[in-house]
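Peer 1: Generate a structure from the sequence data that follows.
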Amino acid sequence: MNETIESAADQFAKEGKAFLDQGEKDQAKASFSRALAADPKHEYALSALGTIAIQDGRADDAIRYFTRLVNANPQSADMMIALGMAYETANDFKTASDCFHKALKLDGSQLIALMLYGMTQMEMGQVDHGAQLISRAFEADPDLPLIGRSKATPIILRGRIQYAEAALHSYLTKRHKKSVKKTAERFEGADLSRIENAVWLHALIEKLPYKDSRQRPWLFYLPGVKPKMVFERSRFRWAPEVEFLIPALRDEVLGAIDILRDAPTGASAKIGLAAEGEGMVRDKWRTLHLHRNASPMDEVLAQFPVAKKLLDTAAVARLRGKPVEAYLSLVQAHGRIPKHCAPVNSHITIHVPISIPDGAVLRVGGDELAYHESKLLAFDESFEHELENKSDEDCIYLAFTVWHPSLSEAERAAVEASFVARQNWMDERVTTV
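Peer 2: Modelled structure (predicted):
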C-alpha cells in the first residue's frame, strides 16, 4: 500500500516539475498539491511549493511548508536556509537571521548561509558586521557572483546574491570615499576626484565599462586614469642608476640560479590565471619574492643584496612604508605565463632583464614588447599580458611595482589610504559566527 502511495506522489511531483520547466506555475502548484495529498511528507513537493510561495510573496505559506521540512529534517542545513528565506520574505529578519545562524552551526561550510546571515544582519542595522560576513562568503568562493548571474541558479537565490553584492559594494564604496576625504584634509586644494571615483571591484553587479577592452583590472579600477600600455624609461629619473646595477644583478642571480629554480611556482589565484595552461605554469614558471603584499622576505633579501640595493634605488611603490611587491621570475625553456590582468591600474610594473633569450616573447594588449639588454621595461599589467619562452634557455627577470606616473603625490596618498583602510577592515573582520 505504501509503495502505491509513494509512487503516486512521485508521479505528481514529476508532473509538477515538468510544468515548472515549461513556465506553467499554476499547473505545477496543482500537481505538487496532489503529490502532498498522496504523501503529506513528500519533500520535493513541499520544497517546490515553498519556493513558489516565496516567489509569489506568500510568506506564511512558505513558512508553513519549510517548517514541515525542517521538522522532518532537523539536521539539514539546506532546509534551515530555505526556512530562513521564507521568514526573510515576511520581513521577519530576526527569525530569518536565527535560521541562517543555525544552518551555519549545522554546516560551517555553507557559504550561502553565511552570505544570507550577513544580509539579515545588515537589515537589522548591524551594517558593519553584516558586510564582514558577506565579504567572507565572497572571499571564500569568488564564483558566488557568477552563480548570482547564472540563469541556472534558482531565481530566489539569484536575486539574494545580487542584493548581497550591491549591499557590499555600497558599503565598501562609502568606506573608500571616507578614506579619500581624510586624505583631502592633508592635501588642501588637491584634486582627488579621480581617486574618489575609483571602483573597488570586490563586489560589483553591473558590468564595468572599461575604457579599453584589453585593460581589465579585477580589484581596484581608476576610470579617470587614461589607458596607456607602455611607458618610456625617461619617465623615471632613477632609471639610469637602476640600469647601472643590472650587470651586477645578473651575476648575482645567475650565481644563485639553483635557489631560483627551486622557488615556488608562479601559478596563483591572485593573478587570475585561466584554467587552461595552469599545468604548464606550475611546471615551467618559478617566482622568488623579495617583497610580497607589502611584507619583506628578509631571508631572500639577505641572499640577494644587489637586488635589494636596486629596489632601494628605484621609486618602488610602498604601502605602510614597505615595498608592495618585487620578485625574481624564471620561465623555463618552452614555458608560458598565460594571459592575465593585474588587479589594479593605479600601479605599473617594471621588468629588469637578467637573462632574456631569443624566442622569449612578452605580449601586452596583443602587442609584442622587446626586451633590451640592461634596459628597463615599464608597462601596465592591468592590460592583458602573457609571456612565452619558445627558446631552449631560461628567461629571467626582476619585476617590481611602481606608482602610475600620472598620479600626483596627493592621489597616491589617497590610493594608499584606501588600501590601508580596506586591509585594516578585512583584518578586523569577525572569524566566527
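
Peer 1: how about low-confidence regions in the stretch 51-200 of the chain?
Peer 2: Across the stretch 51-200 of the chain, nothing is flagged by pLDDT under 70.

Peer 1: Strands of that one, start to end?
Peer 2: With DSSP state E, counting those that start in this stretch as the criterion, the stretch 51-200 of the chain has strands at 199-200.

Peer 1: go on, the stretch 201-350 of the chain?
Peer 2: 220-221, 230-231, 285-292, 295-296, 318-319, 322-323, 326-331, 336-340, 347-355.

Peer 1: closest to residue 122 out of these?
Peer 2: Checking those against residue 122 by Cβ to Cβ gives strand 220-221 as the closest, at 23.2 Å. All C-beta atoms are positioned from the backbone trio N, CA, C, and that covers glycine.

Peer 1: Now do that closest one: which elements does it pack against?
Peer 2: strand 199-200, helix 409-427 (3 or more Cβ pairs under 8 Å, 6 or more residues apart in numbering; DSSP states H and E).

Peer 1: From the chain's centroid, how far away is that strand?
Peer 2: 12 Å (Cα atoms, centre = their mean, to the nearest Å).

Peer 1: ok so, going back, with mean neighbour count as added columns, please give the helices and strands packed on strand 220-221 in CSV.
Peer 2: Shown next, in CSV, are the helices and strands packed on strand 220-221 (neighbours: other Cβ atoms under 10 Å):
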stretch, mean neighbour count
strand 199-200, 18
helix 409-427, 18
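
Peer 1: So for residue 111, which of the ones you listed sits nearest?
Peer 2: Proximity to residue 111 (Cβ to Cβ) singles out helix 409-427 among these, at 16.8 Å.

Peer 1: Could you name the helices and strands sitting against the closest one?
Peer 2: helix 155-186, helix 193-196, strand 220-221, strand 318-319.

Peer 1: partners of the last one in the sheet?
Peer 2: Strands flanking strand 318-319 in the sheet, each with its direction: strand 322-323 (antiparallel) (DSSP bridges).

Peer 1: and the partner strand, average pLDDT?
Peer 2: The pLDDT scores in strand 322-323 average 96.

Peer 1: Help me confirm that residue 363 is found in a strand?
Peer 2: Yes - the assignment for residue 363 by DSSP: H, G, I helix; E, B strand; the rest coil puts it in a strand.

Peer 1: that older thread, generate TSV for the helices and strands packed on strand 220-221, with distance to residue 208 as supplementary columns.
Peer 2: Below are the helices and strands packed on strand 220-221 laid out as TSV (distance: least, Cβ to Cβ, whole Å):
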stretch	distance to residue 208
strand 199-200	6
helix 409-427	17
